[in-house]
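**Q** Coordinates only, no sequence provided:
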């Protein structure tokens, strides 16, 4: 994996997740989670993952909404579901295989357990972004102080970055 | 530890849970030689393996951090076959449409309803995964027959237990305010202070409190009360303060929440207590006089490995503290070559009967404004004012637990809602709210939609008092575990009295959500859900889902007469004077509070009696 490929992965991930690049991939990250995720996606989708990065490379100067539309709606199912897998990887620290997501697209029988997935690692679990989007912390992993729960959390922007 | 060794102790205790640990510590401090036989793994040097198992698990259920592994292979998706495990345990994951499959469920469930509560077989016991709620029972919980002509009385009242509650609060380390806890007749000695100041309420608590101020249900004012917690609000017992990891169940990552490994460590520190792990008691042996002479055991090294030893231990006095399913199982197994065909301590025929729980009704809703769940301990307040009243003549009482973990319990959020918005599904009911074609979102739209939904989630849990019913019972199944020991067979149903309480819980949740302006999303149970039942709601019949609360109670109830109870008010077997049965199995009723503090209080009381016996 080259630095350039990693930059593309982080840039694409920021567009898809809505989390600022500086938060997704901070310069100081002791567990280097972006590499974990890059390698995981590369390993799980050896053919499509480079294509996904290539699509982003060709369109990266466009506004985020357009890039997302191209990736998710105009590049075929293989790319669309891989992009969704990448989003869920960042949000939940887990791998939902594209084929599994495709199986459940728009349909989910009531007593069915839903798309199968695997938690990538304990580090991945504790870095899931869905918790930050909830202005909270992963269940079982809080670096906060006693009593924090009785007062308002920081703003959403403080959690996910970006904005003015 | 040697398979062939015979050993003698002052006291042998079966089970290294909270009751066994507290008694062992008290006896150890008094210089008595104590052996604890623990069927599962012993005390680990730290909780790192538990945490790693939790973090990497897909299903973060109460049992997941502990051993034996729930899945075969570990991390896979197939539940371990209990036939292949030496000391198997139940799991809520077995409660699907295959709930009666003995290759999936350790408990052999006869029905008609599924028994939904689980327990651990590991040093530290089931309080490894407890919530930390340390409510005292209210005085009328002890005198239901006298006060309301329902259920049964306990053989003593609140006033006799009060000082033991205080002792238990010290041992566990409880954070609470005695002024706030003095309701419905609960009393404290003048000037009583809990060991630590109360845990502060969450934003969810504050919103509910503000919203329901002045509201009543069935003419009872609804009052939000801080919940006494076995979690540290200041450093205690060399453990840190709670950092609000929102993970009391299944595991506190920093051990700010008490668990019985704390007491076990203190017991071992006395120098008079030993624990033998992976040692499963297999028979309680009687001598001619009716006294217990020894306990036989079998041993193993690996959860699925071969038996590696067997033997027996003798003592002056024996304590069975293996919780309310394994304790009667062991006693029923102990037939003494036909001398006790119905088991030990069973002259009343009541052994194994009156299995109870708090059937839990879960209701969830979206608040009109953010309340910021997924923060703080799992629960910090409840509505306790509804625990007692004249209504108990007609229906079961409940307490209402306010959850701080959003919709994690009801629908496994935030996973479900996140997948919904990314993959265009609507399992949560939130994509979109009110139904229609699900959206697939990305980028800032995804962030804002998830933030809007997740920050407004909250849930209420109604823990309903289940009436004692002699047909709800534990017996021995024909199915065996890997050590060829019988597995527990469970017959379980819920009485009309308790169903009426569940129906009132539905009515109360509807009214509370309405008052709060919250939109309810509670779903109906699936057609094949074994934990669903009909209850009366507003004069009609409604089918609802109930959960186990993990409050396994009854099965060797205490009473005032040998003919109709298993132990006397001292928790001593009526039949065998040197045999004590402790834990929640002695409760004549499940009452209206979570059971752990009362288990601890009664264990400390039993320890005092045992010390006197030993002289």
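**A** The structure has been received and is ready for your questions. Since this is a predicted model, take the numbers as computed values, not measurements. Numbers count the residues shown, from 1 in each chain, chains lettered A, B, ... in the order given.
**Q** so where's chain A shaky on pLDDT?
**A** A:108-111, A:163-164 (pLDDT under 70).
**Q** which SS class is the residue of it found nearest chain B?
**A** Per C-beta to the nearest C-beta, the residue of chain A with the smallest distance to chain B is residue A:149, at 2.8 Å. For glycine as for every other residue, the C-beta is placed from the backbone atoms N, C-alpha and C. Classification of residue A:149 using DSSP: H, G, I helix; E, B strand; the rest coil returns helix.
**Q** Next, count neighbours for it.
**A** Counted with other C-beta atoms under 10 Å in any protein chain shown, residues neighbouring residue A:149 total 28.
**Q** What of the one 5 residues further on?
**A** Using other C-beta under 10 Å, residue A:154 is surrounded by 8 other residues.
**Q** Next, the contact list for residue 33, please.
**A** Picked chain A for this. A:25, A:123-124, A:127 (C-beta atoms under 8 Å, 6 or more residues apart in numbering or on different chains).
**Q** wrong one, I was asking about chain B
**A** Residue B:33 is in contact with B:9-11, B:272, counting by C-beta under 8 Å, 6+ apart.
**Q** do you know how far it is from chain A?
**A** Between residue B:33 and chain A the distance is 39 Å, computed by C-beta to the nearest C-beta, to the nearest Å.
**Q** How much space separates that residue from residue B:24?
**A** 11 Å (C-beta to C-beta, to the nearest Å).
**Q** any idea which of the contacts of residue B:33 has the most stuff around it?
**A** The most crowded member of those is residue B:11, carrying 27 neighbours; neighbours defined as other C-beta under 10 Å.
**Q** correct me, but it touches residue B:318?
**A** Yes. The pair residue B:11 / residue B:318 is scored as a contact, 7.1 Å apart, by C-beta atoms under 8 Å.
**Q** Just the pLDDT for residue B:69.
**A** Per-residue pLDDT puts residue B:69 at 94.
**Q** and the residue nearest to it when sequence neighbours are not counted, how many neighbours?
**A** Nearest non-adjacent residue to residue B:69, counting by C-beta to C-beta, 6 or more residues apart in numbering or on different chains: residue B:80, 6.1 Å away. Neighbours of residue B:80 under the rule other C-beta under 10 Å: 23.
**Q** so what's the backbone phi/psi at residue B:80?
**A** When read as degrees, to the nearest 10, the backbone of residue B:80 gives phi -60, psi 140.
**Q** Isn't it up against residue B:67?
**A** No. Taking C-beta under 8 Å as the definition, residue B:80 is not a contact partner of residue B:67, at 10.7 Å.
**Q** Mutual contacts of these two, please.
**A** Contacts common to residue B:80 and residue B:67, judged by C-beta under 8 Å, 6+ apart, are absent.
**Q** The residue in chain B positioned nearest to chain A - how many residues pack around it?
**A** Closest approach between chain B and chain A, counting by C-beta to the nearest C-beta: residue B:376, at 2.8 Å. Applying other C-beta under 10 Å, we find 30 residues neighbouring residue B:376.
**Q** Ok, residue A:77 next?
**A** Using other C-beta under 10 Å, residue A:77 has 11 other residues around it.
**Q** Kindly report the same for residue B:167.
**A** 18.
**Q** What pLDDT does the model give it?
**A** pLDDT at residue B:167 comes out at 98.
**Q** Identify the residues contacting the residue nearest the centre of chain A.
**A** Using C-alpha atoms, centre = their mean, the residue of chain A that lies closest to the mean C-alpha position is residue A:90, 2.7 Å off. Contact analysis of residue A:90 by C-beta under 8 Å, 6+ apart lists A:13, A:16-17, A:19, A:24, A:37, A:128-129.
**Q** Tell me the one of those residues nearest residue B:546?
**A** Residue B:546 has its nearest neighbour among these in residue A:128, at 30.6 Å by C-beta to C-beta.
**Q** Double-check that closest one against residue A:139; I have them as touching.
**A** No. With contact defined as C-beta under 8 Å, residue A:128 does not reach residue A:139; the gap is 9.9 Å.
**Q** so how far is residue B:30 from residue B:608?
**A** On the measure of C-beta to C-beta, residue B:608 and residue B:30 end up 10 Å apart.
**Q** Could you do residue B:20 as well?
**A** Residue B:20 is 16 Å from residue B:30, by C-beta to C-beta.
**Q** Just the ones in helices from the contacts of residue A:33, please.
**A** With DSSP state H as the criterion, helices contain A:123-124 from among the contacts of residue A:33.
**Q** Please tabulate the contacts of residue A:33 in CSV, including the columns distance to residue B:356.
**A** What follows is these, written out as CSV (distance: C-beta to C-beta, whole Å):
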residue, distance to residue B:356
A:25, 53
A:123, 42
A:124, 41
A:127, 42
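**Q** about what we covered before: go ahead and report the secondary structure state at the residue nearest to the centre of chain A.
**A** Going by three-state DSSP: residue A:90 is helix.
**Q** any idea how far residue A:65 is from it?
**A** Distance of residue A:90 to residue A:65, computed by C-beta to C-beta: 18 Å.
**Q** next one: residue B:497
**A** From residue B:497 to residue A:65 the distance is 59 Å (C-beta to C-beta).
**Q** neighbour-wise, which of these two wins?
**A** Between residue B:497 and residue A:65, counted using other C-beta under 10 Å, the more crowded position is residue B:497 (19 against 13).
**Q** thinking again about what came up before, need the overlap of contacts for residue B:33 and residue B:24.
**A** The contact sets of residue B:33 and residue B:24 overlap at residue B:11 (C-beta under 8 Å, 6+ apart).
**Q** Hmm, residue B:363 and residue B:509 touching each other?
**A** Yes. Applying C-beta under 8 Å, one finds residue B:509 in contact with residue B:363, separated by 3.7 Å.
**Q** Overlap in contacts, these two.
**A** Residues touching both residue B:509 and residue B:363 by C-beta under 8 Å, 6+ apart: B:460, B:462, B:520, B:522.
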